[in-house]
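Asker: Sequence and computational prediction follow.
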Amino acid sequence: MKQLTSALFILVVSVKLVLGDSTNQLGIFSDQADIGSVGRPGSVNFDPATGEYLIAGGGANMWFTNDAFHFVWVKMSGDLTLAADIKFEGTGGNPHRKACLVIRQSLDPDSAYADVARHGVGLTALQYRETAGDTTREIQSDVSGPVRMRLEKHGDHISMSIAAAGEELHPAGAMYRVLFTGPFYVGLGVCAHDNKTIERAVFSNVELKPVPSGATEARTMTESALETIEVTSTDRQVVYHTRDHIEAPNWSRDGKFFLFNRNGRICRVPVTGGTPEVLDTGSQTGCNNDHGISPDGQRLAISDQTRDGKSRVYVLPAVGGKPRLITPLAPSYWHGWSPDGKTLAYCAERNGEFDIYTIPVRGGKEKRLTMAPGLDDGPDYSPDGKYIYFNSERTGLMQIWRMKPDGSDQEQITTDDYNNWFAHPSPNGRWIVYLSYAKDVKGHPPGQDVMLRLMSLSDRKIQVLAKLYGGQGTINVPSWSPDSRNIAFVSYQIVYP
């Protein structure tokens, strides 16, 4: 009887949240206010007949460490989804005015928050501030001006779904981890992006649904997003989103396209997005996520396991063609080209030990560079050719190391409480980017909350570039842009029933 009563309570709450209450001047919401310093006060006009909210908002921005906008909200706890059709009223206005679906920890202007923001120019992004007073960051969608948007909270994971006219809502390839402690504030917001004026947006077909306990654990699948991140601003942009599982992007040497692997094939997609094309790799159709483009941009190294399920390294023209076998011994997993294009570095298992090896691109005898017990993996050359960076578990946790190209002077670079994998030096030689797992995670599995971290090689200071759901396939191989300003990676988004 107690379980039945609880179920009926959840049903009643859901119906009220979805349909609204005609006696409430704010519909499904309970209160409204200007957040932060606004030059002109905002307002909300709710039409019970249509269920539409016309929200007028001022404020200079929702960005950096403080926000200024008009907000209508209800307090909630637990998991939820908030969806609405959104359109701005009138033309013109500031191109960066924002109409948002919002979760905030508090009503303070510097509160932790997450929102799905539709900008006046059509730009749509998942924005977030992890903690009070922190800097706002965003993940931009590859779709401009969707008609309908949804903000989703499942545990600590915040994600975004979008739909064009006539479409069903679908994940946008954006997910981030933000911790909200209930009760928190959920609602709709408008920011003018100009403190001297007011902008208006209409929110229609508004649906606010609590997610029943246990539903968050009932994940059905993950989807993939090829993203880029700018290393100074840490802003992220989705370039390509798919329901397929994709991995390990390489940024082309001319900066025009990405390569990634999907279902054993290497695919190519422009940096501006679009439909990927499958690269011709001849009879090697079992490519894994260890692949990369030569320094001159003319050749591609792949790791393929078509022959017998064991990975071997091949080289072929970067535009596609017949692969040439480089490492007859298996398993061998490519990871780096020497700057002069004459040598390949790779991880290989020989006699039960995984170590770092090099081999001439023309073929020949491989050279073992590491001898320590335990796994050594992920070798990548510095752009000046003086070092090979790699990861090793020889001191306990997986840490980043480097050595000279002949294997001498092996030196530990990171010494923290994370498992650190796949260090990639920037083309300008200033940084390395690498993937960090929690200390209790063994190996480099998929489906983990991980971080991309950036180390300055001049002073070895470390910063977090991004937190994401990923791991295996996120950044296994070199993926810097040629100008060292951006990094490409793959993130994953859980899709719930």
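Answerer: All right, it came through fine. All values derive from a computational prediction rather than experimental measurement.
Asker: all strands of the stretch 201-350 of the chain, in order?
Answerer: With DSSP state E, counting those that start in this stretch as the criterion, the stretch 201-350 of the chain has strands at 221-230, 236-242, 246-251, 257-262, 265-270, 277-278, 292-293, 299-304, 312-317, 324-325, 332-337, 343-350.
Asker: so can I have TSV of the ones you listed showing mean neighbour count, mean pLDDT and distance to residue 121?
Answerer: C-beta: built from backbone N, CA, C; applies to glycine. Converted to TSV, those look like this (neighbours: other CB atoms under 10 Å; pLDDT from 0 to 100; distance: least, CB to CB, whole Å):
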stretch	mean neighbour count	mean pLDDT	distance to residue 121
strand 221-230	22	95	19
strand 236-242	22	97	15
strand 246-251	25	98	26
strand 257-262	23	98	25
strand 265-270	19	98	21
strand 277-278	13	98	30
strand 292-293	23	98	34
strand 299-304	25	98	37
strand 312-317	22	98	40
strand 324-325	14	98	48
strand 332-337	26	98	40
strand 343-350	22	98	44
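Asker: Go through those and name the closest to residue 494.
Answerer: For residue 494, the closest of these is strand 221-230, at 5.6 Å, according to CB to CB.
Asker: mind listing what that closest one pairs with, with the direction of each?
Answerer: strand 236-242 (antiparallel), strand 486-495 (antiparallel) (DSSP bridges).
Asker: Downstream of the helix or strand harbouring residue 34, the next helix or strand is which one?
Answerer: For residue 34, the host element (DSSP states H and E) is strand 31-35. Following strand 31-35 in sequence order, the next helix or strand is strand 43-47 (DSSP H and E).
Asker: about what we covered before: can you lay out the strands paired with strand 221-230 as JSON lines showing distance to residue 137?
Answerer: Output for those, formatted as JSON lines (distance: least, CB to CB, whole Å):
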{"stretch": "strand 236-242", "distance to residue 137": "7"}
{"stretch": "strand 486-495", "distance to residue 137": "14"}
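Asker: nearest to residue 446, of those strands?
Answerer: So among the strands paired with strand 221-230, strand 486-495 is nearest, using CB to CB, at 7.2 Å.
Asker: what angle sits between that closest one and strand 246-251?
Answerer: 160 degrees (axes from the mean of the first three to the mean of the last three CA atoms, to 10 degrees).
Asker: Only alpha carbons, please: show strand 486-495 as PDB.
Answerer: Output in PDB follows, covering the C-alpha atoms of strand 486-495 (Å, rounded to 0.1, in the frame of the first residue of the first chain):
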ATOM      1  CA  ASN A 486      42.700  23.300 -30.000                       C
ATOM      2  CA  ILE A 487      42.500  19.600 -29.200                       C
ATOM      3  CA  ALA A 488      40.100  17.100 -30.700                       C
ATOM      4  CA  PHE A 489      38.600  14.300 -28.600                       C
ATOM      5  CA  VAL A 490      35.600  12.000 -28.400                       C
ATOM      6  CA  SER A 491      33.100  12.200 -25.600                       C
ATOM      7  CA  TYR A 492      30.100   9.900 -24.900                       C
ATOM      8  CA  GLN A 493      26.600  10.600 -23.800                       C
ATOM      9  CA  ILE A 494      24.400   8.200 -21.900                       C
ATOM     10  CA  VAL A 495      20.900   7.800 -23.400                       C
END
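Asker: The strand holding residue 34 pairs with which strands, parallel or anti?
Answerer: strand 69-76 (antiparallel).
Asker: In its sheet, which strands sit next to the following helix or strand past the partner strand, and in what direction?
Answerer: Sequence-wise, the next helix or strand downstream of strand 69-76 (DSSP H and E) is strand 80-88. Under the criterion DSSP bridges, strand 80-88 sits next to strand 148-154 (antiparallel), strand 199-210 (antiparallel) in its sheet.
Asker: Show me the contact partners of strand 80-88.
Answerer: 97, 99, 101, 103, 118, 120, 147-153, 161, 169, 186-188, 199-211 (CB atoms under 8 Å, 6 or more residues apart in numbering).
Asker: hey, which of the strands paired with strand 80-88 is tucked in deepest?
Answerer: Neighbour counts (mean count of other CB atoms under 10 Å) averaged over each of the strands paired with strand 80-88 peak at strand 148-154, with a mean of 23.
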